[in-house]
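[1] sequence plus the predicted model coming up.
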Amino acid sequence: MSETPAHVGEILEHIAQLLELKGENPFKIRAYTNAARALESLSEPIETLVAEGRLGEIEGIGKAITEKVTELVTTGRLEYYEELKDSFPEGIFELFELQGLGAKKIKALHDQLGVSSVDDLERICKEGKAAELTGFGEKTQTKLLKAIEDHRKHAGRFRINVVALLAEQLLSDLRAHEAVGQISEGGSFRRRKETIGDLDILVSSNRPEEVSGFFIHHPLVEEVIVHGPTKSSVRLQDGVQCDLRVVKPEEFPFALVYFTGSKEHNIRLRSRALDRGWSLNEYRFTVAEGADQPPVIRDEKELYKSLGLDFIPPELREDKGEIAAAEAGTLPDLIEWSNLRGTFHCHTTASDGKNSLIEMARAAINLGLEYLGIADHSKSSFQAHGLDTVRLAEQVAEIRELNASKEFQESGFRLFAGTECDILKEGDLDFSDEVLATLDYVVASVHSGFTADEKTMTERIIRAIRHPQITMMGHLTGRLLLSRDAYPVNIPAVIEAAAETGTIIEINASPWRLDMDWRWWPLAKEKGVKCVINPDAHTVFGLQDLHYGIGIARKGWLTKADVVNCLPLGKIEAVLAAKRSKQVQQKGILNSEN
DNA sequence: GCCGTTTTCGGCCCGACTGTTTTCAGTCG
C-alpha cells in the first residue's frame, strides 16, 4: 500500500491530538505536529525518502519519527498509532475542529460524560450536562452549541475571493476612520494562501477603543465573538471570521510581522532575534542585559534588516527557505501584476463562457493587456458545450478577422486562437494533429475519468505532455478548493516530463483551483519548467482572477522571467511555437540523416 | 520527540481574552 505524504502527515497530526488527550509532554506533542508539517511540503515522493533512508535529513524528523514513518510507509500500518487510537473513539478527532474546544475539555467530556463525537456533544449540551462539569458553565455550554452549528454550516475555510471582497470593504471603511493610523491586512490572506481560515486586520491607533467599537458595529458584522479594547473577533457575512488587532503606532511594524505569520516563519525570526540578545514579540524588541541596542524600527523592512535579512515579501513567509535566502541576499525579484502582458485559457459563449469573443477581448484591453488567448472547450466536454472541428474552425476564422480589424490594429491588441483540449482516457487528444496545427497554441486538460489511480493518471497526462502540439498543461490536478479533491497524479514525474518536452505548466488563477499548487513551483523552476498564469475566465469579470494567480506565482518564488505571459507581443509568439518547431527540427535532422 | 557556536541535557514563543474562577486554566493565533 502506498502512503501519500499528506496521509502520513494526517496520521502524525492525529497522534499529536491523541497524545494531547493523554496529557503528554506538550513538546513531544509539538514534535509530532512539526513533523506532520515538514512532510506536507516534501518535493519528492515519501517512498523515495524512506527507501533511501533520508527521512532523518528533514528538519523536525528525528530517530523516533523516522522509525514510525518508515513502518507506516513500508507496511501501510503503524502499531503505535493503532494502539493509541484504541483508547479513544474515532469521532474524537472531529471535536478538535470545534472553536473553543481543546484537548483538556475534550478529555473531560470524554472521561466524565462519555462524549465521543460531535453528535454526542450536541446531545450532552442540550441536556444541560456539559455545564455541570468543573471548569465548564452555562456560557461554555452555549458556546459549544454555537460552535457545533458554525462547524456544520461552514467547515472553517474560505476561498480567497470570498475573503478578498470582504477585506476590501472593511479595510477601506476602517481606513476612512479618523482614529485609524496605519492599517493592513495580515494572516494567510496577506500571504495569499489558496484558502483562508479567517481575515486578520491590523490597525495602529492611539484611541483603540474607538476603532474596536467602530469595527464591531460595521454593517458587514453579523456576530461579535470577542470584544476587547485591542483585540476583537467577529463573524462576517458568509460566515468568515475576522480578527482586528489595534496597536500603538510604534508597535505597528512588529505587530504586522507577527500577525502576517506564518507561525513557523515567526518562530525563526524570534530565534534570530534571540541570537542578538533581543526577545521579539508582537510589540517590540526587549533587550537582554549586556546585549546591543536594536535600531529604531519604523517599518517591516527595517525590522527584517535589524535581523540581518532582506525584506521578505509576505507571500514567501512560509518557512520554506526564505530566511536563508534573505540572509544570503538571494531572494527572487517576485513577479508583479504590472509584469503581465497577456494571458491564455479564456472561454467564450462558444463553449460555456458568458461573454462573447469581442467582449472578452475588450475586457482584456481595459485591463491593460496586449493579448488574450481563447481556449474554449473541445468536443468531448459536451457538458460545457465543447467545440467540434467545424465550430473551432469558425472561431479561428473569427479571431483572425478581429486581429485584422481596424480596432485591433490601432490598439496593437491581439487575440490568439487556442483550445482547451480534453485529454482523453488513454492520454489521446480530443482533436487530430492536423486540427491542432491550425491553432496558435493548445491547453491540455483532464475533465473526465477522475477516479483513475495515480499510475494511470500520471501516464495519461505525461502522454499528452509528450505530444508536440500541447503548449501548456491546464489545471494539473483538477482540484476544486474546499469542494473536490485533486485526482491522484505524480506531480514530480509530470514536472520532469514538462521539463524534457518544453511544455509550459499553468497556474490556473480561478480561486476555485489555484492549480498547480504553489508548493511545487520551486521544483518546477529548478527543473526549468516555465509557468503561464491563466484565469480560466468564463466571464469578463473572471479576468480579474489573474490577481490571485499572481499571488500564487509569488508564493511559488516565481519571477517575471519564469512566467511566459510576462513577455510582450513580438516575443510571446516564439515561446508558443517553440515546442512544435523543436519537434519539426528534430524530425528534420532525422530526415536528413536518412 | 527534536535539537545543538550555550552540544547529549535542558530547553522548546508568548500575550489577549474568556469563563469560571477568587487567582487561573484553557484556547487561540
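    Thanks, I have the structure now. Residues are numbered from 1 along each chain as shown, chains lettered A, B, ... in the order given.

[2] drop to CA atoms for contacts and neighbour counts, all remaining ones
    Noted.

[3] quick one: contacts for the residue of the stretch 101-250 of chain A found nearest DNA strand B?
    When scored by CA to the nearest atom of the strand, the stretch 101-250 of chain A has A:Gly137 as its residue closest to DNA strand B, at 2.4 Å. Contacts for A:Gly137 were tallied using CA atoms under 8 Å, 6 or more residues apart in numbering; they are A:130-131.

[4] distance of it from A:Ile160?
    According to CA to CA, to the nearest Å, A:Gly137 stands 37 Å off from A:Ile160.

[5] and if you look at A:Ser356?
    27 Å.

[6] pick out whichever of the two has more residues nearby.
    Using other CA atoms under 10 Å, the more surrounded residue of A:Ser356 and A:Ile160 is A:Ile160, with 22 against 15.

[7] could you report the neighbour count for the nearest residue to that one once chain neighbours are set aside?
    Counting by CA to CA, 6 or more residues apart in numbering, the nearest residue to A:Ile160 once its immediate chain neighbours are dropped is A:Thr195, at 5.5 Å. Applying other CA under 10 Å, we find 20 residues neighbouring A:Thr195.

[8] my read: A:Thr195 touches A:Arg157, true?
    Yes - counting by CA atoms under 8 Å, A:Arg157 is a contact partner of A:Thr195 at 6.3 Å.

[9] what touches both of those two?
    By CA under 8 Å, 6+ apart, A:Thr195 and A:Arg157 have no common neighbours.

[10] which regions of the stretch 351-500 of chain A sit below the pLDDT cut-off?
    A:483 (pLDDT under 70).

[11] in it, what residue is nearest DNA strand B?
    A:Leu482 (17.9 Å).

[12] burial count for that residue?
    By other CA under 10 Å, 14 other residues sit near A:Leu482.

[13] next, the distance between the ends of stretch A:314-328.
    Terminal-residue distance, stretch A:314-328 (CA to CA): 18 Å.

[14] what comes up buried for that stretch?
    For stretch A:314-328, burial by neighbour count (16 or more other CA atoms under 10 Å) applies to A:314-319, A:322-323, A:326-327.

[15] hmm, that stretch touching DNA strand B?
    No - counting by CA under 7 Å from any atom of the strand, DNA strand B is not contacted by stretch A:314-328; separation bottoms out at 13.5 Å.

[16] list the buried residues for stretch A:145-152?
    In terms of neighbour count (16+ other CA under 10 Å), stretch A:145-152 has its buried residues at A:145, A:147-148, A:151.

[17] which helices and strands does the helix or strand harbouring A:Ala363 pack with?
    Here A:Ala363 sits within helix A:357-366, counting by DSSP states H and E. For helix A:357-366, the helices and strands in contact under the criterion 3 or more CA pairs under 8 Å, 6 or more residues apart in numbering; DSSP states H and E are strand A:371-374.

[18] tell me where the model's unsure across the stretch 1-150 of chain A.
    Across the stretch 1-150 of chain A, the ranges flagged by pLDDT under 70 are A:1-6, A:40-43.

[19] contact residues of it facing DNA strand B?
    A:25, A:27-32, A:56, A:58-66, A:98-106, A:131, A:134-141, A:143.

[20] which among those residues count as buried?
    Buried subset of these (neighbour count, 16+ other CA under 10 Å): A:29-32, A:56, A:60-61, A:65-66, A:98, A:103, A:105-106, A:131, A:140-141, A:143.
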